[in-house]
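Engineer: Please find the sequence and the predicted model below.
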Amino acid sequence: MVVCFSSFFSISLMKTHYPVMLLTVGLCCLQPASADTIILKDGTELTGRVLREEGDSFVVEVQVTKSIRDEKVIPKDQVKSMEKEKADTKAYAEIEAFGNHTEPLEPAVYEERITKIEEFVTKHPKSEKLPEAKALLDSLQEEYAVIQEGGVKVGDEMISAEDYEANAYEYDLKIAEKQIKDAIARRDFLGALRLHEEYEEKFGPSAGREQVDTLILQVLTTYGQSINESLDTLKA
């Protein structure tokens, strides 16, 4: 299946800049922030961040939904207890996902992640999360050593340079197919289509083409419907 997406998507994105802008704003709102737990005397439990004190009240930024925050003024005499988020808990949350990757990473990314974990270990030697951080550090350092020697990561498996050189086409094919599937899974449809174009140019007919092409047809249908709905909204 050979499809040219360039002109179609440049026009589509131009006409649907409002939905794209809203999506970007929404994603920005999903960025994590430090969180305190505030328990009121009536049993209500709020997750938020104390911004400041104003006389006999606290001004608290609370998470209404995953993408919406609001400021609330809470009288101090209504507060039963307040639990501040520990510094190490917040710091560990920023590195926890570093080990949950199956996509290939550039050496510079490994170096950056290893440095951040080392900083956590140094700054929080008494943290309850220290064993997990050290295990994560060991895992990334092992992967990085393989990458430095010319190896690659395919899914959860590290492939040595020798094995990769002997089966480079097959491994590159697996990596390309996984990148397309991962893009679809996170609903990066435009990214998936661009990766598919590169896939077609590089590999042509292959054993995995039928499954990938089926996924791309589903993406085209879904993305096309979204564009049509956006155009109908703009015309209304």
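Structural biologist: Here it is on my side, so go on. Residues are numbered from 1 along each chain as shown.
Engineer: Find the least confident helix or strand in the protein, judged by mean pLDDT.
Structural biologist: helix 17-29 (a mean of 38; mean pLDDT, DSSP states H and E).
Engineer: Identify all contacting residues around the first helix or strand past that one going along the chain.
Structural biologist: Scanning forward in sequence from helix 17-29 by DSSP states H and E, the next helix or strand is strand 36-40. Contact partners of strand 36-40, identified using C-beta atoms under 8 Å, 6 or more residues apart in numbering, comprise 45-50, 58, 60, 74, 78-85. In this view, the C-beta of every residue, glycine as well, is placed from N, C-alpha and C.
Engineer: now do 6 Å
Structural biologist: Outside strand 36-40, the residues that touch it by C-beta atoms under 6 Å, 6 or more residues apart in numbering are Glu45, Leu46, Thr47, Arg49, Val50, Gln78, Lys80, Ser81, Met82, Glu83, Lys84, Glu85.
Engineer: which element follows it toward the C-terminus?
Structural biologist: That would be, after strand 36-40 and using DSSP H and E, strand 45-54.
Engineer: The very next helix or strand once past that next one: how far from the chain's middle?
Structural biologist: Helices and strands here follow DSSP H and E; after strand 45-54, the next one along the chain is strand 57-63. Here strand 57-63 is found 28 Å from its chain centre; the criterion is C-alpha atoms, centre = their mean, to the nearest Å.
Engineer: Give me the sheet partners of strand 57-63 and which way each runs.
Structural biologist: strand 45-54 (antiparallel), strand 69-75 (antiparallel) (DSSP bridges).
Engineer: What residues of the helix or strand Ala93 falls within count as buried?
Structural biologist: For Ala93, the host element (DSSP H and E) is helix 87-95. Within helix 87-95, the residues that qualify as buried are Asp88, Ala91, Tyr92, Ile95, counting by 16 or more other C-beta atoms under 10 Å.
Engineer: average pLDDT for the helix or strand that that helix is followed by?
Structural biologist: Next in sequence after helix 87-95, counting helices and strands by DSSP H and E, comes helix 107-123. Mean pLDDT, helix 107-123: 95.
Engineer: after helix 107-123, next one along is what?
Structural biologist: Immediately after helix 107-123, counting by DSSP H and E, sits helix 130-148.
Engineer: now for that next one, which elements pack on it?
Structural biologist: Under the contact definition 3 or more C-beta pairs under 6 Å, 6 or more residues apart in numbering; DSSP states H and E, helix 130-148 sits against helix 107-123.
Engineer: what's the longest helix in this protein?
Structural biologist: helix 209-235 (DSSP state H).
Engineer: Now do that helix: distance to the chain's middle.
Structural biologist: 22 Å.
Engineer: Check which residues of that helix are buried.
Structural biologist: In helix 209-235, counting by 16+ other C-beta under 10 Å, buried: Arg209, Val212, Leu215, Ile216, Val219, Leu220, Tyr223, Ile227, Ser230.
Engineer: State the pLDDT value of Asp188.
Structural biologist: Value listed for Asp188 in the pLDDT field: 86.
Engineer: residues in contact with stretch 174-186?
Structural biologist: By C-beta under 6 Å, 6+ apart, the list of residues contacting stretch 174-186 reads Val154, Gly191, Ala192, Leu195, His196, Tyr199, Gly208, Val212, Leu215, Val219.
Engineer: Show me which of those are buried.
Structural biologist: Of these, these count as buried by 16+ other C-beta under 10 Å: Val154, Ala192, Leu195, His196, Tyr199, Val212, Leu215, Val219.
Engineer: which residues touch the first one?
Structural biologist: Contact analysis of Val154 by C-beta under 6 Å, 6+ apart lists Tyr171, Lys174, Ile175.
Engineer: would the last one count as being in a strand?
Structural biologist: Think Ile175. No - counting by DSSP: H, G, I helix; E, B strand; the rest coil, Ile175 falls outside a strand, being helix.
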